[in-house]
Structure formats: structure tokens, C-alpha cells
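S.K.: what follows is a predicted protein model with its sequence.
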Amino acid sequence: MKALDLETFFRERSVSVWGCADLALLRARRTEIASLPGSFRTAVVYGLPLAGGVLDRLEGGPDPLYLHHYRQANYLLDRVGFQLALALEAAGFVSLPVPASQVIDWERPRGFVSHRHLAAAAGLGWFGRNNLLVTPGWGSRLRLASVLTAAVFPGRPAPRAEAGCGDCRECAGRCPAGAIGATAADFDAEACYRYIKQVCRERNIGQHICGLCLCPFGDGSNPAA
């Protein structure tokens, strides 16, 4: 069976941020990956940038404009994942598209898999102090989704070494919850989620989002793909 030409697939859909992670390397480190059927060998991770004009106007938390922008990004990502999974299965490779934003555990909010960890394993970026993926071209200002598949894609570049955020603490200065510490490991997820629930309730935002700590690292060229 011949795997799909991912470069062509993503270029035709104007997706410039994408990579592949070897699931075998993640099974020992990520419990949600370890529980997957062994037939899934690769995670194809991809992302779409968010508009700076939407994010730069946020004050104290999300607003209806950002909510719509966020949902549209997720819709586009899910559409791409749906198409990719069907194309891979048509080529003979069982595939599972993972939604861009779907909470399966509300006690400790998480999705089916962590797109951030898969993207880091695929070499698309590193974890910033805000505990989000930071990419070379778009910083944290992008949404991610993944397709798990039995296909293997040879010839992709090896994952890049982590660049790190250096002395930058811009995201910490923007966080009204005080959730951001010295490293990603110091991130206070409970404080973050408490603030998000509060501000979204106060502003009548129908989704638990914030957007304030999405750093603008990079110049928008995103050489990751």
C-alpha cells in the first residue's frame, strides 16, 4: 500500500504547519498513547494560525469575536482531519481523526490525545512557560489537530531540537491568573482553569477559552513544515 503524499495534501489546503510523530516513541511516556491499538503507528499533526488582529485586542480575557475565530479555526482543522483520515483509509491505512477541541475529562480537562505533545514530538516546536506549544514562526498563536494512522511516512526531516523561550516572560506578564511560572513544569493548570471558568461565565462566553497568553514569538514565516 502506498501512503498519501502529505506535502501535496496539506499544500492544497493551505496548511503550512504540519509534521509526523512516531507513536512507538511516545507509548512509554504518554498513557493515552499507550492505550491506543498497536495498529496506529504515526500521528500526523497540523495547525492553523490565529489572526493577530483578533488576539491583540483581548483585554482581561476572551470576547465574542475571539470565540467565533477560535471556533472557525477548530472547524477548519476538523474538516482537514476528516478529509485526511478518509484519504488515508482509501489508501488502505486505518486512521482516526482527533478533534481540535473536544474535552473527554472535565475533572482534569483534557482531550482524547494531547495535540501539543504530539506536535512537540513531531518537531514543530517546544513547550513554553505557558505550557503551550511554541512554534518558530507563529509562537503559540495557532490551533492544532491530529490524525492517528497506521501509515508510516518516510523521508520527513528529523524533529528539531527545542529552541526554548530564553529570558522572555511576556506570557507570564499577560496571565491574569498568575498561572505561569519559570518553566512549563511550573504551570498551574488549576489556577488557569479557575480563571477561565470565572471570566467566561462573567462574559457569557460559551466555551472555556482565554487567549491572553498566546505568545507572538516569530515573524509568521513558520518554517516548521
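M.R.: Thanks, I have the structure now.

S.K.: could you give the bridge partners of the residue nearest the centre of the chain?
M.R.: Nearest to the geometric centre of the chain sits residue 144, at 3.2 Å (CA atoms, centre = their mean). Beta bridges link residue 144 to residue 47, judged by DSSP bridges.

S.K.: packing partners of the lengthiest helix in the chain?
M.R.: Ranked by residue count and defined by DSSP state H, the top helix of the chain is helix 64-90. For helix 64-90, the elements it packs on are helix 6-12, strand 42-49, helix 52-55, strand 95-98, strand 142-149, judged by 3 or more CB pairs under 8 Å, 6 or more residues apart in numbering; DSSP states H and E. From N, CA and C alone the C-beta is placed, and that goes for glycine too.

S.K.: can you give me the buried ones in the helix or strand of the chain with the lowest mean pLDDT?
M.R.: Every helix and strand in the chain was compared by mean pLDDT, DSSP states H and E; the lowest is helix 31-34, with a mean of 73. Of the residues in helix 31-34, residue 33 count as buried by neighbour count, 16 or more other CB atoms under 10 Å.

S.K.: what does that helix contact?
M.R.: 23, 26-28, 110, 112-114 (CB atoms under 8 Å, 6 or more residues apart in numbering).

S.K.: 10 Å instead?
M.R.: With contact meaning CB atoms under 10 Å, 6 or more residues apart in numbering, helix 31-34 is reached by 21, 23-28, 40, 43, 104, 110-114, 117-118, 121, 148.

S.K.: drop anything exposed from those.
M.R.: Members of the contacts of helix 31-34 classed as buried by 16+ other CB under 10 Å are 21, 23, 26-27, 40, 43, 111-114, 117-118, 121, 148.

S.K.: list just the nearest of those to residue 184.
M.R.: The closest of these to residue 184 turns out to be residue 117 (CB to CB; 11.1 Å).

S.K.: and the residue nearest to residue 69 when sequence neighbours are not counted, how many residues sit next to it?
M.R.: Setting aside the residues directly before and after it, residue 69 is nearest to residue 54 in space (CB to CB, 6 or more residues apart in numbering), at 4.7 Å. Per other CB atoms under 10 Å, the neighbour tally for residue 54 reads 17.
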